[in-house]
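Engineer: Just the structure for this:
(2 chains)
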There are 2 protein chains.
Amino acid sequence: MNTHIVKTYGDELDQLSAEVVLMGGLAEAQVAEAVEAVARRDVALAQSVVARDHKLDELEKDVERKCIRLIALRQPMADDLRKTVAAMKLATALERTGDLAKNIAKRSIVISEAEPMTPLTRSIERMGKLVSSRLRDVLDAYKSGKVDLAQSVWSSDTEVDEHYNALFRELLTYMMGDPRTISACTHLLFMAKNLERIGDYATNMAEHINYELTGEDYVESRPKASNLDQ
Amino acid sequence: MNTHIVKTYGDELDQLSAEVVLMGGLAEAQVAEAVEAVARRDVALAQSVVARDHKLDELEKDVERKCIRLIALRQPMADDLRKTVAAMKLATALERTGDLAKNIAKRSIVISEAEPMTPLTRSIERMGKLVSSRLRDVLDAYKSGKVDLAQSVWSSDTEVDEHYNALFRELLTYMMGDPRTISACTHLLFMAKNLERIGDYATNMAEHINYELTGEDYVESRPKASNLDQ
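Structural biologist: Coordinates of the predicted model:
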């Protein structure tokens, strides 16, 4: 037997989850700091978010490689196969979350040159905090294996959509009131959209965790406050 | 041996590719028709795009299930493993492409109630045609196994970004010139962004196909006309 695979199967699965948890912590920090960079007009902080994104890319590739190797060599069945597939799906969602945080950070650098739009950036900050708390909850559900926590993230999906819709209207009003702000406001619009998409990833992750833990897909369709997205 | 797996390995791989090709054809049609619905203000066409999206969702799930089963039961190595993983990645990208087409279709229904903005919807149509042709090329590369075709899609990525940037400026100018159009224009802005993301998925698919065929990752980083995205 190859010495590289003498580790037990359980060890390999544990290592995989640990790597996903590590990715989750990083992604959560990237989102929180990107939003802080917007609120504080902090270019240096935004740049450090951008510079750090590659770590999530590398970790995702590593998790994927390990999952495929594990499926091929260990042929996991039932629970273990679900765990492996969930790890792969969560890694993808967390990598995409990181990309969206990086995009928010980049846009914050661009608008740091425009006049401050404090009421709007405050709204971005509030929406960012809500989305971060959903990410934290979903990662806690993953770490602790608490299916009810995953399900509560899943069923409170409309909250982020409502925030997004309110912020969208606020942005439209602001732009119409002062068309010189349109260019900067479009960046805020995309930031809000990015946060909404991060919220969607949190919901998707909750679905994957629920499936991992119960083996069941949700039957009812996901609640949505806006019918324009997904 | 279980009668369910008496098919040869090669047959299973072929069936997998055929399913991905089918998804590709559907996704391409969804994008083309969504853009046509915008250009012609055709609500019925938009509704049929929305109604058809679930097919891509179902096919993606089916491809994924088959890939995992194949990896577990056949333990493919080298070329065959790359083929299997590429099928899974392409299916995900095509499902996401379908989601974005659906979103364009939904937005076209909303703006069909506003005044026509013909110069802008023409620009969306032109960008849509460009993105559709990239999708077509990348699917041809997949079907024919032509690595040079995949690589040419990959290296012409900046074209879509340039279109997007031009359209973005055009939209800003239009909104500033007539703030009453801001609300409808934000829908066009998101349509343009969706098309840009479909272009990104085409580029990602080109990368997966290149990897499938050559076993090599691209070393150089992807050309981008805009540094705001990804």
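Engineer: Is there any residue in stretch A:21-28 that contacts chain B?
Structural biologist: No - applying CB under 8 Å from any CB of the partner chain, one finds stretch A:21-28 out of contact with chain B, separated by at least 15.3 Å. The C-beta positions use only the backbone N, C-alpha and C, and glycine is treated the same way.
Engineer: Now that stretch: buried residues?
Structural biologist: The neighbour-count check on stretch A:21-28 (16 or more other CB atoms under 10 Å in any protein chain shown) flags A:Val21, A:Met23, A:Gly24, A:Leu26, A:Ala27, A:Glu28 as buried.
Engineer: B:Gly215: which of those is nearest?
Structural biologist: A:Met23 (26.1 Å; CB to CB).
Engineer: In helices, which of the buried residues of stretch A:21-28 fall?
Structural biologist: A:Val21, A:Met23, A:Gly24, A:Leu26, A:Ala27, A:Glu28 (DSSP state H).
Engineer: now the helices for chain A?
Structural biologist: Going by DSSP H, chain A shows helices at A:9-40, A:43-74, A:78-111, A:118-144, A:147-155, A:157-177, A:182-214.
Engineer: Which one of those helices lies nearest to B:Asp14?
Structural biologist: helix A:43-74 (20.1 Å).
Engineer: State the mean pLDDT of that closest one.
Structural biologist: The pLDDT scores in helix A:43-74 average 94.
Engineer: ok and it relative to helix B:43-74, angle-wise?
Structural biologist: Direction vectors for helix A:43-74 and helix B:43-74, defined by axes from the mean of the first three to the mean of the last three CA atoms, to 10 degrees, enclose an angle of 50 degrees.
Engineer: Would you mark the buried spots in helix A:43-74?
Structural biologist: Buried-residue list, helix A:43-74, by 16+ other CB under 10 Å: A:45-46, A:49-50, A:52-53, A:56, A:59-60, A:63-64, A:66-68, A:70-72, A:74.
Engineer: Stretch A:139-157 too?
Structural biologist: Result for stretch A:139-157 [16+ other CB under 10 Å]: buried residues A:Leu139, A:Ala141, A:Tyr142, A:Val147, A:Leu149, A:Ala150, A:Gln151, A:Val153, A:Trp154, A:Ser156, A:Asp157.
Engineer: ok, and which of the buried residues of helix A:43-74 reach chain B?
Structural biologist: Near chain B, by the rule CB under 8 Å from any CB, you find A:Ile68, A:Ile71, A:Ala72 out of those.
Engineer: The second one: what's it in contact with?
Structural biologist: In this structure, A:Ile71 makes contact with A:Leu81, A:Thr84, B:Ile68, B:Ile71, B:Ala72, judged by CB atoms under 8 Å, 6 or more residues apart in numbering or on different chains.
Engineer: contacting residues for the third one?
Structural biologist: If a contact means CB under 8 Å, 6+ apart, then B:Ile68 has A:Ile71, A:Leu81, A:Val85 as its contacts.
Engineer: ok, now with 7 Å
Structural biologist: A:Ile71, A:Val85 (CB atoms under 7 Å, 6 or more residues apart in numbering or on different chains).
Engineer: Give the rounded mean pLDDT of stretch A:179-195.
Structural biologist: Stretch A:179-195 comes out at a mean pLDDT of 96.
Engineer: actually stretch A:208-222, sorry about that
Structural biologist: So the average pLDDT for stretch A:208-222 ends up being 77.
Engineer: what does stretch A:126-142 contact?
Structural biologist: A:20-21, A:24, A:27-28, A:31-32, A:35, A:90, A:149-150, A:153, A:159-160, A:163-164, A:167, A:192, A:195, A:198-199, A:202, A:205-206, A:209.
Engineer: Now with 8 Å, please.
Structural biologist: So stretch A:126-142 is contacted by A:17, A:20-21, A:24-25, A:27-28, A:31-32, A:34-35, A:38, A:90, A:97, A:146-147, A:149-150, A:152-153, A:156, A:159-160, A:163-164, A:167, A:192, A:195, A:198-199, A:202-203, A:205-206, A:209 (CB under 8 Å, 6+ apart).
Engineer: what does chain A put close to chain B?
Structural biologist: A:68, A:71-73, A:75-77, A:81, A:85, A:99, A:102-103, A:106-107, A:110, A:168, A:172, A:175-176, A:179-180, A:182-183, A:186, A:189-190, A:193, A:227-230.
Engineer: Surely A:Thr92 is in contact with A:Asp57?
Structural biologist: No - here A:Thr92 does not reach A:Asp57: they are 11.1 Å apart, not a contact under CB atoms under 8 Å.
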